[in-house]
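Enquirer: A structural model of the following input is requested.
(one chain, ligands or ions: 2)
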Amino acid sequence: MTYVVTDNCIRCKYMDCVEVCPVDCFYEGENMLVINPNECIDCGVCEPECPAEAILPDTENGLEKWLELNTKFSAEWPNITVKGEAPADADEMKGVENKLEQFFSPEPGAGS
Ligand code: SF4
Ligand code: F3S
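Expert: Numbers count the residues shown, from 1 in each chain. Ligands and ions are numbered 1, 2, ... in the order given. Predicted coordinates:
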């Protein structure tokens, strides 16, 4: 089991999650973060920290594609351990549907 970052992180990217992870297993894309499922120790501490409620345990139904996406991009994007500035329109983007199809970027973020 692992936790995964899902749709609502895209273009919200609040980054509160990275500050609490005891094993620093978040990785930064241009407009979302992902968790490395091989490094996550399933502590669950990050889940309530996300203002967008984007972090879920992969035991929930229907998260297979997110597990795949977290696995793939955590191998490609840089590690992030320090919270940066969220996008200016993060609050407006909260809860927008189908962000994966509309806004996902495979480009890496800066990392920290
Ligand atoms: Fe890190 Fe724990 Fe969240 Fe896994 S569940 S990403 S170990 S804070
Ligand atoms: Fe994304 Fe939530 Fe972290 S919006 S960057 S998973 S705090």
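Enquirer: phi, psi of the closest residue to Asn98 other than its chain neighbours?
Expert: The shortest distance from Asn98 to any non-neighbouring residue, by CB to CB, 6 or more residues apart in numbering, is to Asp7 (7.5 Å). For glycine as for every other residue, the C-beta is placed from the backbone atoms N, C-alpha and C. Backbone torsions for Asp7, taken as degrees, to the nearest 10, come to phi -40, psi -40.
Enquirer: show me what the lengthiest helix in the chain is packed against.
Expert: In the chain, taking DSSP state H as the definition, the longest helix is helix 64-74. Applying 3 or more CB pairs under 8 Å, 6 or more residues apart in numbering; DSSP states H and E, we find helix 64-74 packed against strand 3-5, strand 33-35.
Enquirer: after that helix, which helix or strand is next? Please name it.
Expert: helix 90-93 (DSSP states H and E).
Enquirer: buried residues in that following helix?
Expert: Neighbour counts over helix 90-93 (16 or more other CB atoms under 10 Å) mark 90, 93 as buried.
Enquirer: how about the helices and strands packed on helix 64-74 in a markdown table, adding mean neighbour count?
Expert: A markdown table is the format used below for the helices and strands packed on helix 64-74 (neighbours: other CB atoms under 10 Å):
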| stretch | mean neighbour count |
| --- | --- |
| strand 3-5 | 26 |
| strand 33-35 | 26 |
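Enquirer: can you redo those as a markdown table with distance to ligand 1 and mean pLDDT?
Expert: Compiled in a markdown table, the helices and strands packed on helix 64-74 are given as follows (distance: least, CB to the nearest ligand atom, whole Å; pLDDT from 0 to 100):
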| stretch | distance to ligand 1 | mean pLDDT |
| --- | --- | --- |
| strand 3-5 | 4 | 98 |
| strand 33-35 | 4 | 98 |
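Enquirer: could you redo these as a markdown table and give each row distance to Glu68?
Expert: Below are the helices and strands packed on helix 64-74 laid out as a markdown table (distance: least, CB to CB, whole Å):
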| stretch | distance to Glu68 |
| --- | --- |
| strand 3-5 | 9 |
| strand 33-35 | 10 |
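Enquirer: dump these into a markdown table; add distance to ligand 2 as well.
Expert: Output for these, formatted as a markdown table (distance: least, CB to the nearest ligand atom, whole Å):
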| stretch | distance to ligand 2 |
| --- | --- |
| strand 3-5 | 5 |
| strand 33-35 | 4 |
